[in-house]
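Chemist: could you look at this predicted model? Sequence included:
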Amino acid sequence: MMKNLSVLVLAVLLQFAATYTQAQIVYTFEMQTQVDPSLWRKTSKALAEAKEKKADYFIIHLNTYGGYVESADSIRSALLKAPFPVIVFIDKNAASAGALIAISADSIYMSSGASIGAASVVDQNGTIMPDKYQSYMRATMRATAEAHGADTIINGTDTTLRWHRYPKIAEAMVDPRIRIDGISDSGYVLSFTTKEAMKNGYCEGEAQSMAELLTKINLERATILTYNPTALDDIIGWLISPVVQGILIMLIIGGIYFELQTPGIGFPSLAAVVAALMYFAPLYVEGIAEYWEIGIFILGVILLAIEIFAIPGFGVTGISGIILMVTGLALAMVHIPFTMDTYFFGMLFKSIVIVISLAFFALLISIIAATQIINSAPFSFMALHADQQKSEGFVSFDSNLADLVGKIGVAITDLRLSGKIQIEDTMYDAISISMYIEKGQQVKVVKFENGQLHVVPVV
């Protein structure tokens, strides 16, 4: 009787355990691309969806050689704050920014032949960046490891900490100068194989696939949900990638430059407007760019147009317009936090330098392209190639204007040295050779030189 009761209780417990396990919700996310703003956007959406679905676990299938530190840091912060356990399955590579993301997870599993580490900050050519960049990365790696806590070990009067992720190891993945006896003493940036990571507390186990991982952590019967990016996600992610943003900025500046060189409103204006929409729209949708930042850019364009088309010369209005345009483009690149720290100002300065550099290259390319296009065979009709020689009777002005010397007229604009006058029923350009002449004042033509009428006020 007791035996049958024990069997019944065991069966009930097993059924309860199976039901409980089956009720678990596991949300999986593929992270097998370069770490960039697009990946951060998708990670943020996946975490939000996992939270909405009340997931019990969030598993990242990771395979990356790294990417942008700013994006990796954003992903790291989000994973550390996640309301559910985060597990990373490293399928071959977790290098550089990928290592930072991996150690932010609660648990790490790796496939055979995988590696984690080599988190030094490098530029696009793979060259090691100066120590101020490495210092920030060291601190970030160390803080991430420390976030997983430590056990306090009391042995008599001695108290020691046993870290779940030893912070010095995380630092050694950035800085080759850090020595750890028996672990990192070769003078090279630290990287771990799967076995080495397990030995040193940076990997909880080995698995060859996601299915094997789920079995190892007793979640093979759990409900599996997976983040599937939409076509819109892919388009927005593509538009906010640094390369595309750079091209769009160059199109904006180049379009404005070409439009200023040609009369009327045409294709260059259309190209600049479309590029501006493609630049600002995804950033606004993602909450990175605010409406007032877009307003700053538009105000800059308006001021620049006023300076060019309404105000003679180039002064405060035009310079202010250029400054506002650069500021608007740069501010749109960075998210403004509630507390503005040195990191934010560093990112803002970096954005401003990027925008100015791209604007310079856009202008340079536009000038070269304009010359090449006009001189090329298909477009040669747009330019005047014939030489008009003075010996053949060609002059740059109407020689009959010399007959106006001694004539009396009236200034129809202010003559701030130059302006317009009217003699009888005809309007002429003129230069005041004595003083400022107000609109409506009578003037006398006293000289005709280099194709220009010179006038003085009639007293």
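Modeler: Structure received.

Chemist: now the strands for the stretch 201-350 of the chain?
Modeler: 205-206, 223-226 (DSSP state E, counting those that start in this stretch).

Chemist: can I get those strands in TSV with mean pLDDT, mean neighbour count and distance to Gly67?
Modeler: C-betas here are computed from N, CA, C, even on glycine. Rendered in TSV, the data for those read as follows (pLDDT from 0 to 100; neighbours: other C-beta atoms under 10 Å; distance: least, C-beta to C-beta, whole Å):
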stretch	mean pLDDT	mean neighbour count	distance to Gly67
strand 205-206	94	16	26
strand 223-226	93	15	22
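
Chemist: Ser38 versus Ser107, what's the distance?
Modeler: In this structure, Ser107 and Ser38 are 26 Å apart, going by C-beta to C-beta, to the nearest Å.

Chemist: in terms of neighbours, single out the busier of the two.
Modeler: Ser38 (23 against 17; other C-beta atoms under 10 Å).

Chemist: name the element the more buried one belongs to?
Modeler: Counting by DSSP states H and E, the secondary-structure element that holds Ser38 is helix 37-52.

Chemist: who are the packing partners of that helix?
Modeler: Here helix 37-52 touches strand 25-31, strand 57-64, helix 69-80, helix 231-239, going by 3 or more C-beta pairs under 8 Å, 6 or more residues apart in numbering; DSSP states H and E.

Chemist: which of those is buried the deepest?
Modeler: Comparing the helices and strands packed on helix 37-52 by mean neighbour count (mean count of other C-beta atoms under 10 Å), strand 57-64 ranks first with a mean of 23.

Chemist: can you list the strands that that strand pairs with?
Modeler: Sheet neighbours of strand 57-64, with direction, are listed as strand 25-31 (parallel), strand 86-95 (parallel) (DSSP bridges).

Chemist: angle of it against helix 69-80?
Modeler: Taking axes from the mean of the first three to the mean of the last three C-alpha atoms, to 10 degrees, strand 57-64 and helix 69-80 form an angle of 160 degrees between their directions.

Chemist: show me the beta-bridge partners of the closest residue in space to Val443 that isn't next to it in sequence.
Modeler: Nearest residue to Val443, sequence neighbours excluded (C-beta to C-beta, 6 or more residues apart in numbering): Val455, at 4.1 Å. Listed by DSSP bridges, the beta-bridge partners for Val455 are Ser432, Val445.

Chemist: just list the residues touching Val455, thanks.
Modeler: Val455 is in contact with 409, 415, 421, 430-433, 437, 443-446, counting by C-beta atoms under 8 Å, 6 or more residues apart in numbering.

Chemist: mind checking which of those are buried?
Modeler: The neighbour-count criterion (16 or more other C-beta atoms under 10 Å) marks 409, 415, 421, 430-432, 437, 443-445 among the contacts of Val455 as buried.

Chemist: tabulate the residues you listed (JSON lines), appending distance to Val355 and pLDDT.
Modeler: Supplementary listing: the buried ones among the contacts of Val455 in JSON lines, determined by distance: C-beta to C-beta, whole Å; pLDDT from 0 to 100:
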{"residue": "Gly409", "distance to Val355": "49", "pLDDT": "92"}
{"residue": "Leu415", "distance to Val355": "40", "pLDDT": "83"}
{"residue": "Ile421", "distance to Val355": "44", "pLDDT": "91"}
{"residue": "Ala430", "distance to Val355": "42", "pLDDT": "88"}
{"residue": "Ile431", "distance to Val355": "40", "pLDDT": "87"}
{"residue": "Ser432", "distance to Val355": "42", "pLDDT": "86"}
{"residue": "Ile437", "distance to Val355": "43", "pLDDT": "84"}
{"residue": "Val443", "distance to Val355": "47", "pLDDT": "90"}
{"residue": "Lys444", "distance to Val355": "52", "pLDDT": "91"}
{"residue": "Val445", "distance to Val355": "50", "pLDDT": "91"}
